[in-house]
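Asks: model this:
(chains A, B and C)
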Amino acid sequence: MEKRYVDRRGVVLTVLATGLMILIAIFAMLPFAFMFLSSLKPGQEMLRNGLSLTFEPGISSFSNYAALNTYRDGIYWCWYRSSAVIMIMQTAVGLFFGSLVGYGLAMYDFKGKNLIFTIVLIVMMMPFEILILPLYRMLIRAKLTDSYFGVIMPYLVPPFMVFFFRQYVTGLPKELLEAGRIDGCTDYGVFFKIMVPIMIPAFGAMTILSCMNSWNNLLWPLIVLSTNEKFTIPIGMGTTITPYGNAFDVLMPGAVMAVVPIVVIYLFAQKTFIAGLTSGSVKG
Amino acid sequence: MKKLLAVLLAALMVLGMFGALAEEEPIHLTLWTFQELHTQLYKEMLEKWNANPDNPKLDIDMQVYPYEDMHNKLTIALQSGEGAPDIVDIEINMFANYLKGDIQLAELNDIVEPIEDHLVMSRFNNYAKDGKFYGIDHHIGACIVWYNTEILEEAGVDYTTIKTWDDYHEAGKIVLEKTGKPMCTWESKDCWSIYPLVNQHGGDWLTPDNEVRMDEQVVIDTLAFMRSMLDDGTAVPCPGGNHHSEEYYGWMNAGNCASVSMPFWYLNRFTDYMPDLAGKMKVAPMPLWPDGGHKSAQMGGTGTAVVKTSPNVEVAKQWLAYATLSFEGCVNTWLILGFDPIMTDVYGSEEMKAPNKFFDYYDDTIFDMLKTVLDDIPDTCITEYFPAAGDIVRNQMAYDLVMSDKPVDEIAKDCAQELRDQIF
Amino acid sequence: MQKQSLSDRRRGGFLTDPKVVPYVFVAPFVIYFLVVYLYPTIATILMSFQRIEGPTSVEWIGLKNYERLFSRNYIQALETTARYAFWDVVVLTIVPLLVAVILHSKFVKFASFFKSLFFIPALTSIIVAGIVFRLAFGTLPTAPVNRLVQMFGKEPRDWLMYAGTGNMVLIILTLWRWMGVNIIYYLSGIQAIPTDLYEAAEIDGAGAVSKFFHVTLPGIKPVLIYVITITVLGGFAMFTESVALWQQNNPGGVGRTIVGYMYLMGFYKNNMGLASAVGLTLLVLVLGVNLIQLILMGFFKKED
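Replies: Reported below is the predicted structural model:
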């Protein structure tokens, strides 16, 4: 009797909990459904009937996607490439420096260590927005405006990565460093040959967060870049939104295509990603 | 073998030099705009310019930016003295920002003054300071009214008999009674309803000396009239908040409203976004105020400017004059963009009668109608505090008028106070 | 000792000196901090005492920018931001935590599938998502959300035109976008709690609620602190979400945040000096609120 009661209670709870998750999943996915269905319809249809979740075979087609190739001589794909280049550069450089510094802070005891870590924490809490004007003036003096390097410059050593890697490495045994030294490695050798492979889950987690930040970053790239062909997708999409009316024919399929690569990266890396976040768990 | 290669290389280099001499190197200019549509006109006029062998060859790199961001970018570029384009489209609301301190835009008097008599000069004063012109507009932006004749016929109203705003209101009552549809929409987060009416009525936000005029009786009266239409339902809050929102386009396109009053350049919003109303919409002058005022108002605009620090200021000015101030340029402004050109000579010319999508949508009497109001359009007063005034009108005055019950005299008083606070 | 110095000499290395090595590791951050954060912060502070009207016309005006700071618009932006930040912290701390706890319970089928799915909104650009939300919460009775409320017999509304409902839409948009991220942070914390703690609690006869408050919550405290800290920052520095819904309009005072006001002043009204002053108040505000929050959470006690 007791057992059957527990079972029934379990079933009810399972149905309730899973049902709730399904509702939340619908909430999370609904805007994408709007986006995708709208991307199949002529832009005029958006104006005529507003957003709707209907699929109308008569007027729905992939022709908007084909039109991305011809819109302003295919400039959409320039934006795409530009976004990809910036994402890869920013992530690679960020991972390199972020892991280096985070590792240094966690593995060694040295004078000034606490000061530097405190600075990392403070900087993480600073709104980047207030630094934009002086940073831009700096770029101009360095003749780096309208360059990809200018775009990634403020993200060379991302504080959140330093913080995360520091947390992750704090959880690793310090004996690894000693063992490596005894084997004749320099400290740098220990880092690259022994530590980096151990830190792979952390790299996975930071890759996704960095790609995500970079791919959707709007404000700073917009200020730095001025050649239309060098624009990133969010900026390019912004040019199709004007106070006088939006080019939905481009906007909607463009938005759908923009989600695809980042979701693919996420799906590929998500095992490592979640494992990384879990094992590196934020210890404050 | 090596010798042969060297000879070949040398020959190539010589050929290359000749090639360079024969093919005149074009002058590169950069142009920024926030409105992709404008580039259609610019491209056409660039092609025509380069087709004339007397002109120096130009290669203009046209960059399109999101609206807000282009102005932000320009501000930063001009502030820091680097990274600015040669030619730039500046929206009228923003223009005064660039006329502060040491002005970074080039004077255009030498291309404007020689043909002064052919131009609607009040459009140039919007972009001027101390008698110097810094921007060239594409259009007059005369305000007119679009009537949905299908709805009016259903209600038995003849729009040509509407002469005053009171007539308009009365007609609205009949339309509402017969069809259940409102006569018009007032914007709740933009200035295109309030400002034209106030300006046509003889009011404005500022004097040239930055005295605030927002709480004058004429403003209060205009607001009271607009409020009275809201009260009896002949006017409704604009869906989406302004006449440029997707929601409004769709709603208007479905035949939900009998009329709208907007500047002339709104023609192309109908052709582009409200195709179902083709043949049903008729344009007419704005109704008049019984107690005086003007026939129309000039609203909106883009001042195209040349940046002073550009290494090619002169040629940039020459091209700009050709593209926007020549007879050809003004005709194309109509044919391509559907704007009312700033050159009076073009009105009535044969070239303007060439068929285009606007004539197809409405009919070919547009300019006959427009000509009747061009002689009585007041100036707008655009000073360095105009952006601040515009911000208050959009976000405070329009909102309070349409979305709240706040008495109109208080609205005017509070808005005026807010502007005075920002000026001191 | 001797072995150490021998190997040093062999590698010829100042850079491999154990005293130097840690500094080499952290050097990139120090340089980065000086260039990207410290210098611009100082520049912003200096600019807040200036009137800047072009590359050559910079004028020192003392405290005038600060005197002009507290205008009606600024106070309104402050209110808008504070209201948003408050609800942002409340909703984005609690809802993802509850979802994470439910996901972690044994009652959810396909938990890892849901976990992946919830994260996807964070991957999209706010620009287009904002348009979808703006149209979904449109003013017409035919807009999707208005259709939905009409099905429940409620009146359609102008959601985005009033401060209260406008703020609600903003929170919904933020929740949609960031819920998945916070869920993953929380799950990482929850999974790190040793299971024997739960077992011990069960032996003591603790129910689900009691376990949540006595085991889960203390166990994820570091994660909780982290989530609150970044949410406070995100809440006070919010800008793009509001632009996506209202552009530069401010109906009923809901569409303009502190960062939005800073932009309005700096770019739209070309007053960089005042904008810098506004930016600095934001900095003080965020650091202040977070400091208080960290003290309340006992963050600084653990260093013993």
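
Asks: spell out which parts of the stretch 101-250 of chain C neighbour chain B.
Replies: C:135, C:138-140, C:143, C:158, C:160-162, C:243, C:246-250 (Cβ under 8 Å from any Cβ of the partner chain). No exception for glycine: its C-beta is placed from N, CA and C like everyone else's.

Asks: how about a cut-off of 7 Å?
Replies: By Cβ under 7 Å from any Cβ of the partner chain, the part of the stretch 101-250 of chain C that sits against chain B consists of C:135, C:138-140, C:161, C:248-250.

Asks: which of those residues fall in helices?
Replies: Counting by DSSP state H, the part of these found in helices is residue C:135.

Asks: burial check on the closest residue to chain A within the stretch 1-150 of chain C, number of neighbours?
Replies: Chain A sits closest to residue C:25 of the stretch 1-150 of chain C, with a gap of 2.5 Å, by Cβ to the nearest Cβ. Using other Cβ atoms under 10 Å in any protein chain shown, residue C:25 is surrounded by 24 other residues.

Asks: return the distance of residue B:400 relative to residue B:393.
Replies: Relative to residue B:393, residue B:400 is positioned 11 Å away (Cβ to Cβ, to the nearest Å).

Asks: re earlier: check which helix or strand covers the residue of the stretch 1-150 of chain C closest to chain A.
Replies: helix C:21-32 (DSSP states H and E).

Asks: after the lowest-mean-pLDDT helix or strand in chain B, which helix or strand is next?
Replies: Least confident helix or strand of chain B, by mean pLDDT, DSSP states H and E, is helix B:2-22 with a mean of 55. Following helix B:2-22 in sequence order, the next helix or strand is strand B:27-33 (DSSP H and E).

Asks: where does whichever residue of the stretch 1-150 of chain B sits closest to chain C land in three-state SS?
Replies: Closest contact between the stretch 1-150 of chain B and chain C, by Cβ to the nearest Cβ, is at residue B:101 (2.8 Å). Assigned state for residue B:101: coil (three-state reduction, DSSP: H, G, I helix; E, B strand; the rest coil).

Asks: can you check what pLDDT the model gives it?
Replies: Turning to residue B:101, the model gives it a pLDDT of 79.

Asks: next, the buried residues of the helix holding residue C:25.
Replies: C:21-30, C:32 (16 or more other Cβ atoms under 10 Å in any protein chain shown).

Asks: can I get those residues in TSV with pLDDT and distance to residue B:140?
Replies: TSV is the format used below for the buried residues of helix C:21-32 (pLDDT from 0 to 100; distance: Cβ to Cβ, whole Å):
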residue	pLDDT	distance to residue B:140
C:21	91	72
C:22	93	70
C:23	94	68
C:24	94	67
C:25	94	66
C:26	95	64
C:27	96	62
C:28	96	58
C:29	97	58
C:30	96	60
C:32	96	54
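
Asks: among these, which two are most distant?
Replies: C:21 and C:32 (18.9 Å; Cβ to Cβ).

Asks: before we move on, back to that, can you get me a residue count around the residue lying closest to the residue of the stretch 1-150 of chain B closest to chain C once chain neighbours are set aside?
Replies: Leaving out its chain neighbours, the residue that sits closest to residue B:101 by Cβ to Cβ, 6 or more residues apart in numbering or on different chains is residue C:53, at 2.8 Å. Other residues lying near residue C:53 total 19 when counted by other Cβ under 10 Å.

Asks: hang on, the earlier thing: quick one, what contacts the residue of the stretch 1-150 of chain C closest to chain A?
Replies: A:100-101, A:103-104 (Cβ atoms under 7 Å, 6 or more residues apart in numbering or on different chains).

Asks: which ones among those are found in helices?
Replies: A:100-101, A:103-104.

Asks: what's the closest of those to chain C?
Replies: residue A:104 (2.5 Å).

Asks: domain boundaries for chain B, per the record?
Replies: B:27-140+B:300-353, B:143-297+B:376-423 (automatic domain parsing).

Asks: worst average pLDDT in those domains?
Replies: domain B:27-140+B:300-353 (a mean of 91).

Asks: kindly check the end-to-end length of it for me.
Replies: 35 Å (Cα to Cα, to the nearest Å).

Asks: measure the most centrally placed residue in chain A to residue A:157 for me?
Replies: Residue closest to the mean C-alpha point of chain A, counted by Cα atoms, centre = their mean, is residue A:212 at 1.0 Å. Noted for residue A:212: a distance of 18 Å to residue A:157, by Cβ to Cβ.

Asks: count the residues that sit near residue C:87.
Replies: The tally of other residues near residue C:87 (other Cβ under 10 Å) stands at 17.

Asks: looks to me like it is in a helix.
Replies: Yes: counting by three-state DSSP, residue C:87 falls inside a helix.

Asks: distance-wise, check the spatially closest residue to it that is not a sequence neighbour relative to residue C:80.
Replies: Closest residue to residue C:87 in three dimensions, ignoring its sequence neighbours and counting by Cβ to Cβ, 6+ apart: residue C:171, at 5.0 Å. Separation of residue C:171 from residue C:80 (Cβ to Cβ): 13 Å.

Asks: which of these two has more neighbours?
Replies: residue C:80 (26 against 20).

Asks: where does that one fall, helix, sheet strand or coil?
Replies: Per three-state DSSP, residue C:80 ends up helix.

Asks: spit out the contact partners of it.
Replies: C:253-254, C:256-257.

Asks: what about the residue of chain B found nearest chain A, how many neighbours?
Replies: Chain A sits closest to residue B:66 of chain B, with a gap of 3.7 Å, by Cβ to the nearest Cβ. A total of 24 residues lie near residue B:66 under the criterion other Cβ under 10 Å.

Asks: wait, isn't residue B:420 in contact with residue B:212?
Replies: Yes: with contacts counted by Cβ atoms under 7 Å, residue B:420 reaches residue B:212, the gap being 5.2 Å.

Asks: among those two, which residue is more densely surrounded?
Replies: residue B:212 (21 against 15).
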